[in-house]
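Q: Whatever this is, show me its structure:
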Amino acid sequence: MLILMASGAVAQAPKVVADCTITFNVNIANSDGTAEHATKTLYLKGSETRSDLVSPTFQQTTFYDGKKEEAVILRELGGNKYMSRLNAAQWKEQNKRYEGMQVTLGNETKTILGYECKKAEVKLKDGSVLNMFYAVAITPSVSENTYQFKGIPGFVLEYESQTEKGNKISFSATVINLSPVPASKFQIPTTGYRIL
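A: Residues are numbered from 1 along each chain as shown. Now for the predicted structure:
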């Protein structure tokens, strides 16, 4: 009986995903009633993540090293290219809005890309409430943003965020590929960007 109970507990533990690519549709609801659309592609390999956000007006790539807790952000606006390097303290400062957030795990479920997902409600200290749906069967080896997804016990496949101006952004996963990600995806350019 103990063996059956132990195997049941193991079966419920989420599988750690250390290599994958996920594509998200991104919808930005502006406060003036207009909407913008973009695409986000998340690459995960071991302790590193890369996210590419592409819209008609700009591109942003964020590299995050989970071991060092450091990030590099590349931005392209028009013909201009900028690079920001953030150490652990600067990355924490950039994500300070998520400090002290309260996570409430709910019972509501939905299926996203074949994965059963549960709802989590996140309340920020400014009073904003953001919803997330996370796959219970899988969890990432490192989160692309350990502050934004802190306390979420699975792989977030749908979530809300908010700009500094209060515009709500929704991210919905449309494709997940569990094939190994080439190491070249994590090579940071050394030229062509103005350092900020």
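Q: I'd like to know how far the residue nearest the centre of the chain sits from Glu108.
A: Against the mean C-alpha coordinate of the chain, by CA atoms, centre = their mean, the closest residue is Glu144 at 4.7 Å. To Glu108, Glu144 is 24 Å away according to CB to CB, to the nearest Å. In this view, the C-beta of every residue, glycine as well, is placed from N, C-alpha and C.
Q: where along this structure do the helices fall?
A: For the chain, applying DSSP state H gives helices covering 2-12, 88-94.
Q: Between the ones you listed, pick out the one with the smallest average pLDDT, please.
A: Out of the helices of the chain, helix 2-12 stands lowest, with a mean of 46 (criterion: mean pLDDT).
Q: where does this protein dip in pLDDT?
A: For the chain, the stretches flagged by pLDDT under 70 are 1-12.
Q: wait, what's in contact with the nearest residue to Gln59 once chain neighbours are set aside?
A: Nearest residue to Gln59 in three dimensions, chain neighbours excluded: Glu76, at 4.3 Å (CB to CB, 6 or more residues apart in numbering). Shown in contact with Glu76 (CB atoms under 8 Å, 6 or more residues apart in numbering): Phe58, Gln59, Gln60, Tyr82.
Q: Same question for Thr191.
A: So Thr191 contacts nothing (CB under 8 Å, 6+ apart).
Q: Quick check: the gap between it and Leu74.
A: According to CB to CB, Thr191 stands 12 Å off from Leu74.
Q: What's the local residue count around the residue nearest to Phe186 when sequence neighbours are not counted?
A: Nearest non-adjacent residue to Phe186, counting by CB to CB, 6+ apart: Glu48, 5.2 Å away. For Glu48, the count of nearby residues is 20 (other CB atoms under 10 Å).
Q: Please verify my assumption that Glu48 contacts Ser143.
A: No. Glu48 is not in contact with Ser143 according to CB atoms under 8 Å; the separation is 11.5 Å.
Q: anything in contact with each of the two?
A: Joint contacts of Glu48 and Ser143 (CB under 8 Å, 6+ apart) are Gly66.
Q: which residue ranges form the strands in this protein?
A: Ranges of strands in the chain, per DSSP state E, are 15-17, 19-29, 35-45, 48-54, 58-65, 70-77, 80-86, 102-112, 115-123, 129-135, 138-140, 155-162, 168-177, 194-195.
Q: Dump these to TSV, plus distance to Gln94.
A: Formatted as TSV, those follow (distance: least, CB to CB, whole Å):
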stretch	distance to Gln94
strand 15-17	25
strand 19-29	19
strand 35-45	18
strand 48-54	14
strand 58-65	10
strand 70-77	8
strand 80-86	6
strand 102-112	20
strand 115-123	17
strand 129-135	17
strand 138-140	20
strand 155-162	13
strand 168-177	16
strand 194-195	16
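Q: residue contacts, the residue nearest to Phe186?
A: Phe63, Tyr64, Asp65, Gly66, Val142, Phe186.
Q: What are the buried residues along stretch 45-63?
A: The neighbour-count check on stretch 45-63 (16 or more other CB atoms under 10 Å) flags Lys45, Glu48, Thr49, Arg50, Ser51, Asp52, Leu53, Gln60, Thr61, Thr62, Phe63 as buried.
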